[in-house]
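**Q** Sequence and predicted structure, then a few things I'm wondering about:
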Amino acid sequence: MKLQKGIEVYIETRQSEGAPWTKGAQSLRSLYRQVGDLPLDRIRVDQVAPFLDGPLTSAATWYNKYCVLRQFFCYWEARKEIYRLPLPPLRRFPVQTFVPYVYSRTELRRLLVAAGITQRDLNSVIGPRTFRTLLLFLYGTGAGLSEAVQLERDDVDFRRRRITLRSSVARCAREIPIGSDLYDILLKYHRTHHQQEAMIPAL
């Protein structure tokens, strides 16, 4: 089997699991463009290494690309298309520098007050009430921003107190309960903006 077909078969397999797997597909297709349509068992380490060591490649990007390639080659090794992994030694995982920050209640109050002030500018796309409700929705559900901005009125079931969230990353939707405080906030907003087509942004 040649590389291009092997990549497309593998991508189709990963996407059948329910996720678009966009980044991984991009990495594999970039490998194909660099090394050409070689038979899988003819690909060598010295052909893969320059792909991993591309210009302006950070340590985290190198590691992520390596993991994609390893999964891909392990898949075909298990199916007897190759008998070794054409990969250089794995480097140490890059040190994580991100430290999550937890807001205090005082800081949250200030943030919500500021949201109402900053959004009064004539150039603001989202109004103060909508922006404040959006922040409370994110805080109260733990939803991602992409899930929140795709939320429509029909996704909020006030009778069952459930919300259906859809993401641009995952193909399958997920349903979460609405807490009592957030329920009151969303219901009040819904009644105020009942003629709007979407919940957010017109949330």
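**A** That came through fine. Numbering: from 1, shown residues only.

**Q** With Leu87 as the reference, measure out to the residue of the chain most remote from its centre.
**A** Of all residues in the chain, Arg42 has its C-alpha farthest from the mean position, at 34.1 Å, by Cα atoms, centre = their mean. Taking Cβ to Cβ, to the nearest Å as the measure, Arg42 falls 15 Å from Leu87. To be clear about C-beta, it is placed using only N, CA and C from the backbone, and glycine gets the same treatment.

**Q** avg pLDDT for stretch 17-24?
**A** Per-residue pLDDT over stretch 17-24 has a mean of 80.

**Q** the strands in this protein, which residues?
**A** 156-157, 162-165, 174-177 (DSSP state E).

**Q** Quickly list the domain ranges of the chain.
**A** 3-78, 105-192 (automatic domain parsing).

**Q** circling back to that earlier point, between the strands of the chain, which gets nearest to Phe93?
**A** With Cβ to Cβ as the criterion, Phe93 lies closest to strand 174-177 of these, at 28.8 Å.

**Q** how close does the residue farthest from the centre of the chain get to Gly36?
**A** Arg42 is 10 Å from Gly36, by Cβ to Cβ.

**Q** What would stretch 79-97 look like as CSV? C-alpha coordinates only.
**A** In CSV, the C-alpha atoms belonging to stretch 79-97 read as follows (Å, rounded to 0.1, in the frame of the first residue of the first chain):
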residue,chain,number,x,y,z
ARG,A,79,-2.1,-4.7,9.7
LYS,A,80,1.3,-6.1,8.5
GLU,A,81,1.7,-3.3,5.9
ILE,A,82,5.0,-2.2,7.6
TYR,A,83,7.3,-4.1,10.0
ARG,A,84,9.0,-1.2,11.7
LEU,A,85,8.2,2.4,12.6
PRO,A,86,10.1,4.9,10.5
LEU,A,87,10.4,7.4,13.3
PRO,A,88,13.3,9.0,15.1
PRO,A,89,13.6,8.7,18.9
LEU,A,90,10.8,10.5,20.8
ARG,A,91,11.9,13.7,22.5
ARG,A,92,10.9,14.6,26.1
PHE,A,93,7.4,16.2,26.3
PRO,A,94,7.8,20.0,26.5
VAL,A,95,7.3,21.6,29.9
GLN,A,96,3.9,23.1,30.3
THR,A,97,4.1,26.8,31.2
